[in-house]
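**Q** Quick one, structure for this:
(chains A and B)
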Amino acid sequence: MALTEQGAPAGRPDRPHVFWTMRRRQLLWVWGFLAVPVLFYGVIRFYPTGHAFWLSLTDWDLMSDPSFIGLDNYTRLFADPQFGRVFRNTFAYLIMGTPISLILSFIIAYALDRVRFGHTFLRALYFLPFITTASAMAWVWRWFYQPAPIGVINDFLSGFGIPQMAFLNSTTWALPSIMVTAIWAGLGFQIIIFMAGLRAIPTTYYEAARIDGLGEWAILRRITLPLLKPTTVFLVVFSSIGFLRIFDQVYNMTTNDPGGPLGSTKPLVLMIYQTAFSSYQMGYAAAQTVVLFTILLVVSLLQLWILRERT
Amino acid sequence: MHKGILLAGLMAGISPFTVTAAQAVEIEYWQYVFETRVNAMDQLIANFEAQNPGITVKHVTFPYADYQTRVVAANMARQGPDVLQLFYGWADQFIGGRVIQPLSPEAFPHAQIEEDFFPIVSAMKRGDDYYGLPTAVRSLALFYNKNLMEAAGLDPNTPPTTLDELVEQAKAITQVDAAGNMAVAGMTLDMGGQDHQWWREVLVRQFGGAPYSEDGRTVTYNDAAGAAALKFFTDLQLVEKVGQRGFMDEGQAAFRGGKAGFTVDGTFRLGSFRTIEDFEWGVTELPANADGLRSNYASYFANAIGAGAQGEELEAAEKFLAYISSEEAMKIWLDVVGELPARRAAAMTEENLANPVYAPFLKGLEYARTTLFVDEAAQRQNTIDMANRILIEGQTVEEALAAAAAAEQAIIDRAKK
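**A** Below you'll find the predicted structure:
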């Protein structure tokens, strides 16, 4: 309010009130520009998201009009043995994938940061998988994992007389095999972010520490890691959401038997996809989406809370 | 006042168009993208338009992955096509969702349909109404690699005619390398391919059972016959060791790559196998059981009339549907796409029966069955899982069969509720 009246000179109350003050005109401009993305997100993002909550309470099958069935979809979901399996798979991707990929990418970034010879080339090599299409990469790995005579890895093993690994044909090893691909695909991005974080730490801290006679390990623990915390928090949340939403790699590496064998690699997103677009049970799929949304929200908030700044 | 004038002007402006529209009807035909199918349909549309001046057909195509969703979404927006192609297995959903309308018995007399078409056309009948007619049908047959047969000391001109011969010849072809890995498979085992159809409609019947009740609402394969059929299939890997699930990733890839002696596949694979240059292949009827009993699985894409077509558009749509399911159209479809005609007269010609590639598929049509799927993807997945429980997890045939039957019954019950 104080700002809007700045333009009106004091002591002249009889002056007609100006509606289009500078402040208001600025606001109009700002909202004029913001309206486009706000409208876009409102219509394209938030409205469908809100609508999904409503759909999850209906039996919509895309063909006939949806009718309200209360929480039936949710009771069906929690009684569905497939959901239990899919839930465990999704968390297996998260719990194994996130720490492994973060530790790996930090080690590589830390080492790369010190390498001068061929630095750009090495960095490009690590980044390359990230810019490759996920489906193309998944297919290449799918062939790597095949049994002999076409699978590279198994050909190599049997060359040494080592028995074949079943990889994608095993209910035990299929999920880790796919996870390796997913970790490898995301590694480049995490390395680049970690390196940017490492570069952002002022060198004066390191110089001071060395003058004080601190060892490399102590420097890493006391200076590098704490100062990297904002980067780490971002990557933990980012990578967790990525693993919770994993789809491309799984779907492309198991197209003959999506999420198989025997559902051992199926993540929640693939189950949602199949329920919606192959069985056309939109209401049930919406309920699964709401559950995924809740998981993503809880996991992200939990991570932010655990890794919060303690002052 | 102003509004009145405006409206009058508008109507005056529109009326000439409505008059022309009455003279020339445009109808929309929808199918999914597959090059030869699109070419064949373009040819049929050109012929039809030449014979029916005043009717134009707009040919609209979508990628297969989107096709069903597009049809359903367009129907909800009341923008659906007048004539459309659909897989027979989608019929329940499309009828329930009022995407398609029944064919009028005046334009398409039932007696005529039942006399002229192969019996599998009944999969498009619900109650007293037919909801669509196929142009072409697909059936299964056994493909064999002549070079591998010769290398194994077999006569490449006498492919197996019974299941026992199949196992015997496959054994001769199978090669294992020094490390004990399969190098050449006698036959492909791929439930995700066509083997689930082979098991369901062929093997189960050959071992004395039936996969479903007549109305398709009850799973009936959970008995001794079903178990024997499943044991036969899984024993090919576990006991006879003539094949291995996942070998070369997919059955058709293994055969194409020249690493498998036999594979069960359909007419739709001909296009892909015709480009094989490294070896000679042949195709024969699916093997009979010891008593000479044969069976086959046939499927088709039917053409149906959209629920939105009315009045003169409906009339035009009926004419168009009649043309694309005529003998003439089927002949063009066979030449361009390579799929078998759905009418007996067009299919069982001397020329076709003398064709070594078409003949085995055509013979199969005489005794073929169609599965009344309610959710094809889910039911196939169920059969894949059944075999995997035995092949990967080591469950017994009976346990896996019982679990699969219960799960499939649940899928059917949910869809039919």
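**Q** So the chain: which segments form each domain?
**A** Since you didn't name a chain, this refers to chain A. A:18-55, A:72-306 (automatic domain parsing).
**Q** I was thinking of chain B, sorry if that wasn't clear
**A** B:24-138+B:299-369, B:140-297+B:374-416.
**Q** Assign B:R294 to helix, strand or coil.
**A** coil (DSSP: H, G, I helix; E, B strand; the rest coil).
**Q** and what of B:Y221?
**A** coil.
**Q** Enumerate the residues of the stretch 51-200 of chain A near chain B.
**A** Residues of the stretch 51-200 of chain A lying close to chain B (CB under 8 Å from any CB of the partner chain) are A:61-64, A:142-143, A:146-150, A:154, A:158, A:161, A:163-164, A:168-171. (C-beta placed from N, C-alpha, C; glycine too.)
**Q** Now, those that are in helices?
**A** Those of these mapping onto helices are A:142-143, A:154, A:158, per DSSP state H.
**Q** Relative to chain B, which of these is nearest.
**A** A:S158 (4.1 Å; CB to the nearest CB).
**Q** pLDDT score assigned to the closest one?
**A** If you check A:S158, the pLDDT there is 81.
**Q** how many neighbours does it have?
**A** For A:S158, the neighbour count with other CB atoms under 10 Å in any protein chain shown is 20.
**Q** secondary structure class for the residue nearest to it when sequence neighbours are not counted?
**A** Take A:S158 and drop its neighbours on the chain: the residue closest to it by CB to CB, 6 or more residues apart in numbering or on different chains is B:A179, 4.1 Å away. The three-state label given to B:A179 by three-state DSSP is coil.
**Q** for B:A304, same thing?
**A** strand.
**Q** picking that back up, out of the domains of chain A, which is the most enclosed?
**A** domain A:72-306 (a mean of 17; mean count of other CB atoms under 10 Å in any protein chain shown).
**Q** In chain A, what residue comes closest to chain B?
**A** For chain A, CB to the nearest CB, closest residue to chain B: A:M63, 2.4 Å.
**Q** so what pLDDT did the nearest residue to that residue once chain neighbours are set aside get?
**A** Nearest non-adjacent residue to A:M63, counting by CB to CB, 6+ apart: B:G97, 2.4 Å away. B:G97 is assigned 82 on the pLDDT scale.
**Q** pretty sure B:Y131 contacts B:A304?
**A** Yes: contact status for B:Y131 versus B:A304: in contact at 5.6 Å, counting by CB atoms under 8 Å.
**Q** State the phi and psi torsions of A:P147.
**A** Note on A:P147: backbone dihedrals following degrees, to the nearest 10 are phi -70, psi 160.
**Q** would you turn the domains of chain B into a markdown table with mean neighbour count?
**A** Shown next, in a markdown table, are the domains of chain B (neighbours: other CB atoms under 10 Å in any protein chain shown):
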| stretch | mean neighbour count |
| --- | --- |
| domain B:24-138+B:299-369 | 18 |
| domain B:140-297+B:374-416 | 19 |
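**Q** what mean pLDDT does stretch B:343-361 have?
**A** Mean per-residue pLDDT for stretch B:343-361: 92.
**Q** now stretch B:228-235
**A** What stretch B:228-235 shows for mean pLDDT is 96.
**Q** now what about it, what contacts it?
**A** By CB atoms under 8 Å, 6 or more residues apart in numbering or on different chains, the list of residues contacting stretch B:228-235 from outside reads B:163, B:189, B:195, B:199, B:203-204, B:206-209, B:221, B:386-387, B:390-391, B:397, B:400-401.
**Q** Nearest residue to the middle of chain B?
**A** B:S299 (3.1 Å; CA atoms, centre = their mean).
**Q** quick revisit: for B:Y88, which of the domains of chain A is the nearest?
**A** Smallest distance to B:Y88 across the domains of chain A (CB to CB): 16.8 Å, for domain A:72-306.
**Q** how about the nearest residue to A:I192, chain neighbours excluded?
**A** A:F127 (6.2 Å).
**Q** these two touch, right, that neighbour and A:G188?
**A** Yes: assessed by CB under 8 Å, A:F127 is found in contact with A:G188 at 3.8 Å.
**Q** which one's the longest helix in chain A?
**A** Per DSSP H, chain A has its longest helix at helix A:81-114.
**Q** Work out the gap between that helix and the centre of the chain.
**A** Its chain's C-alpha centre and that of helix A:81-114 lie 11 Å apart, by CA atoms, centre = their mean, to the nearest Å.
**Q** same check, this time on stretch B:214-228
**A** 22 Å.
**Q** okay, that stretch in PDB with CA atoms only?
**A** The C-alpha coordinates for stretch B:214-228 follow below in PDB (Å, rounded to 0.1, in the frame of the first residue of the first chain):
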ATOM      1  CA  GLU B 214     -18.400 -72.900 -25.500                       C
ATOM      2  CA  ASP B 215     -19.300 -69.300 -24.500                       C
ATOM      3  CA  GLY B 216     -15.700 -68.600 -23.500                       C
ATOM      4  CA  ARG B 217     -16.700 -67.600 -20.000                       C
ATOM      5  CA  THR B 218     -15.200 -70.500 -18.100                       C
ATOM      6  CA  VAL B 219     -11.600 -71.700 -18.100                       C
ATOM      7  CA  THR B 220     -11.700 -75.500 -18.600                       C
ATOM      8  CA  TYR B 221      -8.000 -76.400 -19.200                       C
ATOM      9  CA  ASN B 222      -7.200 -77.200 -15.600                       C
ATOM     10  CA  ASP B 223      -7.600 -80.900 -16.000                       C
ATOM     11  CA  ALA B 224      -5.500 -84.000 -16.900                       C
ATOM     12  CA  ALA B 225      -5.600 -83.000 -20.600                       C
ATOM     13  CA  GLY B 226      -4.400 -79.500 -19.900                       C
ATOM     14  CA  ALA B 227      -1.600 -80.800 -17.700                       C
ATOM     15  CA  ALA B 228      -0.500 -83.200 -20.400                       C
END
